[in-house]
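> Predicted structure and sequence below. I'll ask about it afterward.
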Amino acid sequence: MGDDYNILNSLKNSKSDTYKVPNAYFEELAVSVLLKIHSQNSTFTTPEAYFDSLADSILAKINNQEVRNDVYLEIKEFAPLLASLQQKQVYKVPNNYFNNLSINIPVSSKFKVVQLKTRFTFIKYAAAAVVIFVIALGGLFNYQQSQQSLAMYKQVKQINVEKSINLISDNDLNTVFEEEQLLAYHSTYNNTSLPWKNLDNLDEEMQYVSDEEIDAYFKENNISIN
Amino acid sequence: MIQQEDKELLVLFKETASKEKAFTAIIKKYQEKLYWHIRRMVVEHEDANDVLQNMFIKVWNGLENFREDSQLYTWLYRIATNESLTFIEQQKRKYASSIDEEENGLSEKIVASEGFDVKKLEWKLQLAIQKLPEKQRVVFNLRYYDEMPYEEMSRVLETSEGALKASYHHAAKKIEDFIRNY
């Protein structure tokens, strides 16, 4: 037991002697660690909110991979030859095309030209005015028509028909009725010519028609003479 | 360099001081994807560049009124698609007398492309794609090359997912048949 104690003591002493620390190491340790932290921060930076969107971007990549697999499996099913083809790009693009690509936005697109807007507004209002004018013109025409009809109706309403008929002589009335009857007769037999022009020749024409022919005509048309 | 989020870029675009910077960042972020999408449609680099330029000018003019209920990416793809189809339509009308009605003249452009080799499958694939009707071609390119999910395609092309799946299926079959029999 006494020997063990002596060995331990001597080991303790020897440990402190074996590992040496630079002078003032512990006094300067905190400063050196802080310096390292600062120097690390100034060398490596991450974009703002990088870690916030990291999970999303990794998931998006995984999803893309899944879609890619879906596309492959889908086409393999119904077009195996196409599935076996690599989606190789055969068309060539000029060197540095994408690096040098610049879009020439026309100046008129970059800045709003007030005149254009004013003109557009003017055209819009002019078109609206034309439409309104046409509608108004149509309305006015209809109104005039209806006013004329109304006036005529009022005039007709004011006429005393009975009194007016009394003013016409009996002879005149008979002539009118006879003409009306003849018109009705000729329209029934499809005579397109005006009746009063052929009446003069009627008796003359009848001279050449025999009684038998007249009787046959009456029978055909079921006309009784009595 | 970590790319800026679209929302952040849109906010910056609405401020006069940072408008051009934000727009440049949007171009840098999407230029390659959009260029290739257009290039596959119009074939020649010069045409693709013209369409891309016009497309970004339209983006500049419309971005201020862009409604954030759809994604910027989706909106850009829609403009690029429409501009490409308009360009092809214009070309068709321009050369209506010299181009066969069935053809759109793009196959000739492929054959005239640098490095064209009719024996290589990848060139046959390009020829086959150009034989497709325009809208089917867009669907095929978006799915096959851009690996766009149907949900997103549906927003770009304003077509139902079912119709897009059917269209892609038909397009892929037609292409495969063409390559096998060419």
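Good, I have the coordinates. Residues are numbered from 1 along each chain as shown, chains lettered A, B, ... in the order given.
> pLDDT at residue 8, what is it?
Going with chain A. In the predicted model, A:L8 carries a pLDDT score of 65.
> if you could check chain B rather than the one you did, that'd help
So, for B:E8, pLDDT stands at 89.
> Show the contacting residues for it.
B:E8 makes no contacts at all, as judged by CB atoms under 8 Å, 6 or more residues apart in numbering or on different chains. (Glycine included, C-beta is placed from N, CA and C.)
> Quickly find the element holding it.
Assigned by DSSP states H and E, B:E8 belongs to helix B:6-13.
> in that helix, what counts as buried?
Residues of helix B:6-13 classed as buried by neighbour count (16 or more other CB atoms under 10 Å in any protein chain shown): B:D6, B:L9, B:L10, B:L12, B:F13.
> next structured bit after the helix or strand of chain A with the lowest mean pLDDT?
Of all helical and strand segments in chain A, the minimum by mean pLDDT, DSSP states H and E falls on helix A:195-206, at a mean of 50. As assigned by DSSP H and E, the chain's next helix or strand after helix A:195-206 is helix A:211-220.
> what's the spacing between stretch B:77-88 and its chain's center?
In terms of CA atoms, centre = their mean, to the nearest Å, the centre of stretch B:77-88 is set 7 Å apart from its chain centre.
> And stretch B:26-37, by the same measure?
How far stretch B:26-37 lies from its chain's middle: 10 Å, per CA atoms, centre = their mean.
> near chain A, anything from that stretch?
Yes. Contact of stretch B:26-37 with chain A (CB under 8 Å from any CB of the partner chain) involves B:I27, B:Q31, B:E32, B:Y35, B:W36.
> Can you mark which positions in that stretch are buried?
Quick answer for stretch B:26-37 (16+ other CB under 10 Å): B:I26, B:I27, B:K29, B:Y30, B:Q31, B:L34, B:Y35, B:W36, B:H37.
> Ok, stretch B:34-50 next?
B:34-43, B:45, B:47-49.
> nearest residue to B:S107 other than its sequence neighbours?
Leaving aside its chain neighbours, B:S107 sits nearest to B:Q130 (5.0 Å; criterion: CB to CB, 6 or more residues apart in numbering or on different chains).
> so how far is B:D50 from the one you found?
19 Å (CB to CB, to the nearest Å).
> What about A:D172, how many residues nearby?
10 (other CB atoms under 10 Å in any protein chain shown).
> what do you get for B:L132?
Per other CB under 10 Å, the neighbour tally for B:L132 reads 21.
> any idea how far chain A is from it?
13 Å (CB to the nearest CB, to the nearest Å).
> Can you classify that residue by secondary structure?
Under DSSP: H, G, I helix; E, B strand; the rest coil, B:L132 falls in the coil class.
> just checking, it touches B:K174?
Yes. If you go by CB atoms under 8 Å, B:L132 and B:K174 touch, sitting 6.5 Å apart.
> and the gap between B:E151 and B:T159?
12 Å.
> between those two, which one's more packed in?
Of the pair B:E151 and B:T159, B:T159 is the one with more neighbours under other CB under 10 Å, namely 16 against 9.
> who are the neighbours in contact with the more buried one?
Contacts of B:T159 (CB under 8 Å, 6+ apart): B:M153, B:S167.
> just B:K58 next, same as before
Neighbours of B:K58 in contact, by CB under 8 Å, 6+ apart: B:I79, B:E83.
> So which residues on chain A come close to chain B?
A:47, A:50, A:53, A:64, A:67-68, A:70-71, A:75, A:78-82, A:85-94, A:97-98, A:101, A:103-106, A:109-110.
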